[in-house]
Every structure is written in structure tokens, then in C-alpha cells.
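Enquirer: for reference, the sequence and a predicted model appear below.
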Amino acid sequence: MMSELSVRPLSAAEVRGIDRTAIEEYGMTGLVLMENAGRGAAERIHRRLAEATLPEEANSPAALKSADSPILILCGKGNNAGDGYVLARHLQLLGHSVEILQFADPRQLSGDAAANWSIATHAEIPARIVGPDSWDRLRHDLATAACVVDALLGTGGSGPLREPYATIVGMVNQLSVLKIAIDIPSGLDCDTGVALGNCFAADLTLTFVAEKIGFQLPSSKPWIGEVVVVPIGVPAKLLAGVIAA
Ligand SMILES: NC(=O)C1=CN([C@@H]2O[C@H](COP(=O)(O)OP(=O)(O)OC[C@H]3O[C@@H](n4cnc5c(N)ncnc54)[C@H](O)[C@@H]3O)[C@@H](O)[C@H]2O)[C@H](O)CC1
Ligand SMILES: [K+]
């Protein structure tokens, strides 16, 4: 029996090129890729939470969380956020309490991300648009969450995190809550492995199609945590050129 395809580490440009080829030459759609990404991430988050052991200290903030503490999904305004909306929908189907925290005006969303925001809002998945006026409530909610998911920025990020992402990421990093990054920890350059300022300190990074080349470098280790590659349905023929040696 064939083993699962293992793709060599890729650059952001290579992954984006594979997505584009899957769409333009193989007739897939971005929505299909996004659905596979979000569902695959949701299934792995579900498994990770099932494995999570209660902390030793009986009265630590983590131990005081109730079984229905929500999974908070921090969303920006690109397709990384789109993955966040999809995984919120699938985590809800897996029985979890979820809430989408939207840090950009949803009117700035477009394409596949806008489509999944619309699906999530029509499905009345809990979501709120968060601004600086609610930072105090936000800190409390983040501290008592079952886990915090970073769907702020992915391969479309460039340069140091701009506000409010820099403040949010700094706030989350100070909290003892399980942190999971979608595709790439926001603030990390996935090609160089360098954090360009504030960077989401993930316990687990669920990255799509392949590890990113920057994840191989020591400078990325404080930020990526454990890395799991999530396939998104790109045909084996398209991946044949980037199979790991
Ligand atoms: N079909 C596909 O390509 C799929 C992609 N997947 C996911 O999509 C992201 C890449 O999405 P993209 O829209 O290209 O970019 P991002 O969501 O990463 O962010 C773009 C957004 O963020 C702004 N921005 C850029 N740099 C910064 C910064 N330093 N600070 C603040 N804001 C910044 C920029 O202006 C844009 O508005 C990929 O990672 C996957 O998660 C699907 O998984 C599969 C299909
Ligand atoms: K991210």
C-alpha cells in the first residue's frame, strides 16, 4: 500500500502557486480548498483538545475552565480568516462551543473569505467584531477560552504585524491558554523563519499542503510549536514535483 504523500518544505510563493494551479488548471475552486483546510484543521483541533490533560495545579486558570469554555477564533480579513470561519462551522458540528472574534471590518472581506463569513453569519455561528473599546473584556475571554486559534494572517502576511494584530497577539502570548496557529503563526515570516516583531506563540501550527521552509530554521521554533501538515485535496499529480526526497 502507498504511504501518504509527503511534500518537501515549501515557500509561501510555492504554496500560493500550487493553490493557483489547482484552481486555474485543475478546475478546483478556492472554496473547495478552503473547506478542506478548515475542516482538516477543525478535526485536528478536536483531537488535540481531547488529548489535552488538565494542568497539575488544580486551581490554575486553565483548570478553572468549564467543559464548555469556547474555542475563540481570531480572524483577520484574508483567506486565512476564511479558514477560520470554516473551522468554526466544523468545530461546532464536532460539539464545541466556538466564537469568531473578527478584528477587521467584514466589509473588507472578499472572495472565498467573504463567502464563508456569509455562511457563518447565516448559520448564526457566534461571532463579534472586536475593537479597542472592548480590550478588557477580550483579555478575560481569551484567558478563559478552551483554546485560542490564530486565523489573522497566513501566507499573505508581510512585514511586522500592524495594529490591532500586534496588540492582540501580544495579549494572547501573555496568557496560559492553548494557542493554535492556522497555516502560519501571525507575525512569522514563513520563508525566513524570523519573527518580525510581535508573533503568535503557537503550541501547535496546523499548516496546509506542506511545512514552510522557514519552519526548518531554529529562529522559528519559539513560534511554531508542534507542526502538523493538513492536506487540502490538491491532486497527487500536482504535488509530484515537490515530493520530499
Ligand atoms: N485558495 C487559496 O489560496 C487558499 C488559501 N488558504 C488560506 O489563505 C491564506 C492566504 O490568504 P490571503 O488572503 O492571501 O492572505 P492572508 O489571509 O494571509 O492575509 C492577507 C491580509 O492581511 C493583510 N496583511 C498583510 N500583512 C499584514 C501585516 N503585517 N499586518 C496586518 N495585516 C497584514 C493584507 O492586507 C491582507 O488583507 C493561507 O495562509 C491559507 O490560510 C486556504 O487554506 C487554502 C486555499
Ligand atoms: K495564522
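Expert: Okay, I see it. Ligands and ions are numbered 1, 2, ... in the order given.
Enquirer: what helices and strands are in contact with the lowest-mean-pLDDT helix or strand in the chain?
Expert: Ranking every helix and strand in the chain by mean pLDDT, DSSP states H and E puts helix 135-143 at the bottom, with a mean of 91. When contacts are defined as 3 or more Cβ pairs under 8 Å, 6 or more residues apart in numbering; DSSP states H and E, helix 135-143 sits against helix 165-173. C-betas here are computed from N, CA, C, even on glycine.
Enquirer: picking that back up, give me the buried positions along the following helix or strand past the least confident helix or strand of the chain.
Expert: The first helix or strand that comes after helix 135-143 along the chain, using DSSP states H and E, is strand 147-151. By neighbour count on 16 or more other Cβ atoms under 10 Å, the buried set for strand 147-151 is 147-151.
Enquirer: same question, stretch 36-51
Expert: For stretch 36-51, by 16+ other Cβ under 10 Å, it's 36-46, 48-49.
Enquirer: among those, which ones lie close to ligand 2?
Expert: Checked against ligand 2 using Cβ under 5 Å from the ion, these yield no neighbours at all.
Enquirer: how about those in JSON lines, adding distance to residue 164?
Expert: Output for the buried residues of stretch 36-51, formatted as JSON lines (distance: Cβ to Cβ, whole Å):
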{"residue": "36", "distance to residue 164": "30"}
{"residue": "37", "distance to residue 164": "24"}
{"residue": "38", "distance to residue 164": "23"}
{"residue": "39", "distance to residue 164": "28"}
{"residue": "40", "distance to residue 164": "28"}
{"residue": "41", "distance to residue 164": "23"}
{"residue": "42", "distance to residue 164": "25"}
{"residue": "43", "distance to residue 164": "30"}
{"residue": "44", "distance to residue 164": "27"}
{"residue": "45", "distance to residue 164": "24"}
{"residue": "46", "distance to residue 164": "29"}
{"residue": "48", "distance to residue 164": "27"}
{"residue": "49", "distance to residue 164": "27"}
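Enquirer: and those, which is closest to ligand 2?
Expert: Taking Cβ to the ion as the measure, ligand 2 lies nearest residue 41 of the buried residues of stretch 36-51, at 10.4 Å.
Enquirer: could you check how far the closest residue to residue 203 other than its chain neighbours is from ligand 1?
Expert: For residue 203, ignoring the flanking residues on the chain, the nearest one in space by Cβ to Cβ, 6 or more residues apart in numbering is residue 225 at 4.4 Å. For residue 225, the distance to ligand 1 equals 17 Å [Cβ to the nearest ligand atom, to the nearest Å].
Enquirer: burial measure for residue 212, as a count.
Expert: Counted by other Cβ atoms under 10 Å, the residues lying close to residue 212 total 29.
Enquirer: how close does it get to residue 74?
Expert: 20 Å (Cβ to Cβ, to the nearest Å).
Enquirer: which parts of this structure sit against ligand 1?
Expert: 19, 30, 33-34, 37, 76-81, 83, 153-162, 165, 182-183, 208, 232 (Cβ under 6 Å from any ligand atom).
Enquirer: any of those buried? List them.
Expert: Buried among the residues of the chain next to ligand 1 (16+ other Cβ under 10 Å): 19, 30, 33-34, 37, 76-81, 83, 153-155, 157, 161, 165, 182-183, 208, 232.
Enquirer: now do the phi/psi pair for the residue nearest the centre of the chain.
Expert: Taking Cα atoms, centre = their mean as the criterion, residue 182 is the residue nearest the geometric centre of the chain, at 1.8 Å. Note on residue 182: its backbone torsions stand at phi -100, psi 120 [degrees, to the nearest 10].
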